[in-house]
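In: have a look at this prediction, sequence included:
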Amino acid sequence: NGHSCQEFARQGPEAGGILERGYGLPPGAQLGNHMFMYAGAFGVAYANGMELRHRTWPADKSPNMFEVFQIPLNWAVQSSDRGMSRKPMTSLVEPPGKALSFESGCLSLRSGYYDLRGYRQSPKYFSRGGAEEALRSTLRFRNASLVAYAERWLKAINASIGR
């Protein structure tokens with residue numbers, strides 16, 4: 001059970017609170033899926049002036065965002081940590097069958113404590129108001145060899161498309 005973002009859209013300048021995000025991906029989901037879900041949640045939190053708390057799942061065998069990227073550790077919370085859920089949280093769910101759609105109300109939530117559920121895989125969540133630049137600044141590889149590998153891969157892609 002949950003609510004749509006539209007139900008909690010703010011009417012005035014009030015903003016703030018906490019946005020919690022768990023992965024909720026099926027087993028075997030790849031890092032790219034995790035990155036896109038993180039980006040969507042980051043954009044929603046950024047637009048609303050909220051603190052983003054992102055749960056990790058100890059049983060998840062796919063690459064962990066916080067192991068690959070230098071995301072501030074205070075954002076990484078184990079699912080067993082109930083400290084962040086002491087206050088009642090409102091679950092925001094996607095409309096059924098709309099995993100890749102955009103719900104504009106998510107970018108103007110009333111102040112509160114929210115649990116963002118669903119995939120939210122639309123670039124519209126993080127492509128406004130400086131969110132994309134802020135997001136890029138958080139996604140820095142922990143391992144220098146990954147940076148070199150990514151740069152070689154990008155160079156090969158650009159060469160193949162004539163850039």
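Out: Nice, thanks for sending it over.
In: name the nearest residue to the residue nearest the centre of the chain, sequence neighbours excluded.
Out: Averaging the C-alpha coordinates of the chain gives a centre point, and the residue nearest to it by CA atoms, centre = their mean is Tyr38 (2.3 Å). The spatial neighbour of Tyr38 that comes closest, neighbours along the chain excluded (CB to CB, 6 or more residues apart in numbering), is Met65 at 5.7 Å. All C-beta spots, glycine's among them, are computed from the backbone N, C-alpha and C.
In: which is the next helix or strand following the helix or strand bottoming out on mean pLDDT in the chain?
Out: The least trusted helix or strand in the chain, going by mean pLDDT, DSSP states H and E, turns out to be strand 76-78, with a mean of 46. Taking DSSP states H and E as the definition, the helix or strand that follows strand 76-78 towards the C-terminus is strand 90-92.
In: buried residues in that following strand?
Out: Applying a neighbour-count criterion of 16 or more other CB atoms under 10 Å, the buried positions in strand 90-92 are 90, 92.
In: so who does Val93 touch?
Out: Residues in contact with Val93 (CB atoms under 8 Å, 6 or more residues apart in numbering) are 1-4, 117-118.
In: apply 7 Å and report the result again.
Out: Val93 makes contact with 2, 117-118, according to CB atoms under 7 Å, 6 or more residues apart in numbering.
In: and if you look at Pro95?
Out: Applying CB under 7 Å, 6+ apart, one finds that Pro95 lies in contact with Ser4.
In: what do you get if the cut-off is 10 Å, keeping everything else the same?
Out: Counting by CB atoms under 10 Å, 6 or more residues apart in numbering, Pro95 makes contact with 4-6, 101, 103, 118.
In: and the residues you listed, which are buried?
Out: Buried residues within the contacts of Pro95, defined by neighbour count using 16+ other CB under 10 Å: 5, 103, 118.
In: reformat these as CSV; add pLDDT.
Out: As requested, these are arranged in CSV below (pLDDT from 0 to 100):
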residue, pLDDT
Cys5, 79
Glu103, 88
Gly118, 78
